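**Q** Okay, predicted coordinates and the sequence, questions at the end:
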Amino acid sequence: MSDAAPRPSWWRRTLARLGRWAGRYSAFGLAGALAFFATALGPALIPRSPLFQGLAAGICAAIGYGLGVLLAWVLRLAGVRWPARVVHWGWRLLLAATIVTVPVALVVSTTWQDDLRDLFGMEHPSSAHSITILVLALLIAIGLVGLGRALRRLTHLVGRLVGRWIPPVVARLTAVAVVALAVVLLVNGTIVQGGMAALNSIYGSVDDTTAEGVVQPTDPLRSGSDASLAAWDELGKQGRTFVAGGRPEAQLEAVAARTGATKPVMDPIRVYAGLQSGDDLDAIAQVVVAELDRTHAWDRSVLAVVTATGTGWVDPSMADSLELLWGGDTAIASMQYSYLPSWVSFLGARSTPPAAGKALFEAIYARWSQLPEDDRPLLEVAGISLGSFGSQGAFSSLQDVTARTDGALWMGTPGFTPLWGDLTAHRDAGSPEITPVVDGGATARWANRPGEGDDRQLWQLGTSWQQPRVVFDQHASDGVTWWSPDLILHRPDWLAEPRGTDVLDSTTWLPVVTFWRSTIDLFVAASVPAGHGHNYHQEYADGWAAIAPPEGWTEPDTDVLREVVGSVASES
C-alpha cells in the first residue's frame, strides 16, 4: 500500500490556485474593488447595456482597489500591524463576501434594470448579460490595476536609483513626485492633447460630410441654397441637415386643416451659419442676421433663435413642431460654434456655448429691436441640452428673459446652468425640485412629460400664466439635469422628495455612491424611448403651444400636433 497522501479534490486545488493568485494583490484593495463593483451595479436612473455596465463596473472596481490600497498604506504608516491569525481569517471573510456579493449584485442589477425597462417600455437584454458584465468588469479592473502596479514598481525603481545619493525618505518622496509629474505630463501633454487632436480630426472630417438623404435646398428661404449668403459647403453636417429638413407642405396643410387654422400655409424659413462662415462667434452671428434680412424673416409671425448643441445639431422635432404649429409662418435661426459632441465641447471649452448663445441672440435682438413694435415677429428663444445651457447664457435673469423675448423653451437643461440653478434653488416653498414653482408660476413653469394624464396639470397652477412665458421641460430620469458634484456628500431634493413617475423607489442617495451612478447615467441618458431620460422628441408640441400659441389655439389642437410630431419622432 502506498504511503502517498491522497490528491486534493479539484475544488481544493482551484481554491489554492485562486488563493495564490489573490495573494499577489492587497486584501484592502480587493475589498475596495468588491465594494465599488457592487456599487456600480446598484439602482440608477437609466438602464444600461451589458457592455456598458461591465465597462463601468470594471472602472469602478479599479478605483475601489486604489482607495483600498491607499487605506492600507495609511494604516501601515500609522503603525497598525495585523496578527497572522487576523490576516488568515480576513482573507477567508473576503472570499466569503465575494462569493455572496458578486451574484447578489448581479441579480440586483438585473432586477432593477428589468423593472426600469418595463417602466420605459424597453426590451430586456439576453439572459447571458450577467456573465458579460462580470467577465468584462474583471478584465477591465485587472488591466487598470495592473497599470497602477506598474507605476508603483516604476516609482520603487526611481527611488532606488536616486537613493544612492540622497536619504531614503527623501528618495521615496522624490520618486513619487517624479513619476506623478511624468504621468501628469503624459496625460495632459500626450493623452489629453493627443485625444483632443484626434477628436478634432475625426469629428472635423465628419462635419465635412453630409448625412444620407440630405440634399442642398433649392428654396431661397433656406440657407445653403444658391441664393443664400451662407454657402452649403460651409454649414457643417448638422447645419446642412437642418436647412434641408422640415415637413412637406401637405403635412403642414393637414395639421392646419385638423386644427381649424384659417391662414394659408407658408414655406418656413430656416437660416443657419457654420463655423467656416466667420472668423469668430460675432462674425458668424452677423451672417445669420444677414440671412434673416435676405429671406425677409422679419415679416413672419414668429422668429425662433435656437442655440444648437455641441455638434451644431438642432433637434428636428423642435423645428418641425413650431412650423406645424404656425403653418409655416415662422423663421428659425441657429448657428454652429463647434463640431464636437456636447460633452467634449463642455469639457474642452465650457465658456463657448453661452458665448455662442449670447452672440447669436444679441445680434438678432439688435436688428429686431429696430423694427416697429407693432410690426415685428414674436421673438422666441430655445435650446435642448447644451443648447439650453448656451441659450440661457444670453440672459442675466428671468426678468431679462421676459424683458427681451416673447418666450423661451428650454429642454433637458444641464444642472450646471446658472439661470436654471438659481431659479430651482429659490423655488416656492413646498414645490418639488423635479417640477419647481417660482412666483406661483406667473412667468416660468416646469414640467416633465406634459400632456400625459395628470402631468397636464403642471401647466395649470391656479394662477394666470402671463406672457411672455418660459418653459423648462425636464425628466425626473434625466441624468444630464440631475448630475452634480454635490451628490458626493449631499442628498439632493429630487431623491429626498417623492420620486418622479419614471424613477424607481429603489433609487436612493448614498454618499459618493450616487455620484458615481449618476456619472455613469450621463453617458446613456439619451439611449431610452421618448419621454424618459434625455429624449424630449415628443414634448416640443406642448412646449411651443404653451409659449407661442396662435390665436384660437386649443388643447385639442395641441393633441393633434403632439400626435403628428410624436408619430415621426417614434419612427426615427
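**A** Nice, thanks for sending it over.

**Q** okay, stretch 44-52 in PDB with CA atoms only?
**A** C-alpha atoms of stretch 44-52 as PDB (Å, rounded to 0.1, in the frame of the first residue of the first chain):
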ATOM      1  CA  ALA A  44     -29.800  54.300 -11.100                       C
ATOM      2  CA  LEU A  45     -31.900  56.400 -13.500                       C
ATOM      3  CA  ILE A  46     -31.100  54.800 -16.800                       C
ATOM      4  CA  PRO A  47     -30.900  51.100 -17.800                       C
ATOM      5  CA  ARG A  48     -27.500  50.100 -19.400                       C
ATOM      6  CA  SER A  49     -26.400  47.700 -22.000                       C
ATOM      7  CA  PRO A  50     -24.300  44.700 -20.700                       C
ATOM      8  CA  LEU A  51     -21.200  46.000 -22.300                       C
ATOM      9  CA  PHE A  52     -21.500  49.500 -20.900                       C
END
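
**Q** For the residue positioned nearest the centre of the chain, list the residues it contacts.
**A** What sits nearest the mean C-alpha location of the chain, by C-alpha atoms, centre = their mean, is V480, with 4.0 Å. Shown in contact with V480 (C-beta atoms under 8 Å, 6 or more residues apart in numbering): 385, 412, 414-415, 522, 525, 534. For glycine as for every other residue, the C-beta is placed from the backbone atoms N, C-alpha and C.

**Q** how about 10 Å then?
**A** The contact partners of V480, by C-beta atoms under 10 Å, 6 or more residues apart in numbering, come to 45, 342-343, 384-386, 388-389, 412-416, 474, 518, 521-522, 525-526, 533-534.

**Q** Next: L275.
**A** Neighbouring residues of L275 by C-beta under 10 Å, 6+ apart: 204, 207, 234-236, 239, 281, 284, 312, 335-339.

**Q** can you rerun that using 7 Å?
**A** 236, 336, 339 (C-beta atoms under 7 Å, 6 or more residues apart in numbering).

**Q** how much space between the first one and V243?
**A** Per C-beta to C-beta, to the nearest Å, G236 is found 11 Å from V243.

**Q** What of the last one?
**A** Counting by C-beta to C-beta, the separation of Y339 from V243 is 16 Å.

**Q** Now A230: closest residue in space that isn't a chain neighbour?
**A** S223 (4.3 Å; C-beta to C-beta, 6 or more residues apart in numbering).

**Q** the more surrounded of Y339 and V243?
**A** Higher neighbour count among Y339 and V243: V243, with 29 against 25, using other C-beta atoms under 10 Å.

**Q** Quick one: neighbours of P353, just the number.
**A** Per other C-beta under 10 Å, the neighbour tally for P353 reads 30.

**Q** Render the CA-only coordinates of whichever strand or helix holds it in CSV, please.
**A** Using DSSP states H and E, P353 sits within helix 352-369. Only the C-alpha atoms of helix 352-369 are listed here, as CSV (Å, rounded to 0.1, in the frame of the first residue of the first chain):
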residue,chain,number,x,y,z
THR,A,352,-18.2,78.6,-25.6
PRO,A,353,-21.9,77.5,-25.6
PRO,A,354,-23.1,80.5,-23.6
ALA,A,355,-20.8,82.8,-25.5
ALA,A,356,-22.4,81.5,-28.7
GLY,A,357,-25.9,81.8,-27.4
LYS,A,358,-25.2,85.3,-26.3
ALA,A,359,-23.6,86.3,-29.6
LEU,A,360,-26.5,84.9,-31.7
PHE,A,361,-29.2,86.4,-29.6
GLU,A,362,-27.7,89.8,-29.2
ALA,A,363,-27.1,90.1,-32.9
ILE,A,364,-30.7,89.2,-33.8
TYR,A,365,-32.2,91.2,-30.9
ALA,A,366,-30.3,94.3,-32.1
ARG,A,367,-31.8,94.0,-35.5
TRP,A,368,-35.3,93.0,-34.3
SER,A,369,-35.4,96.0,-31.9
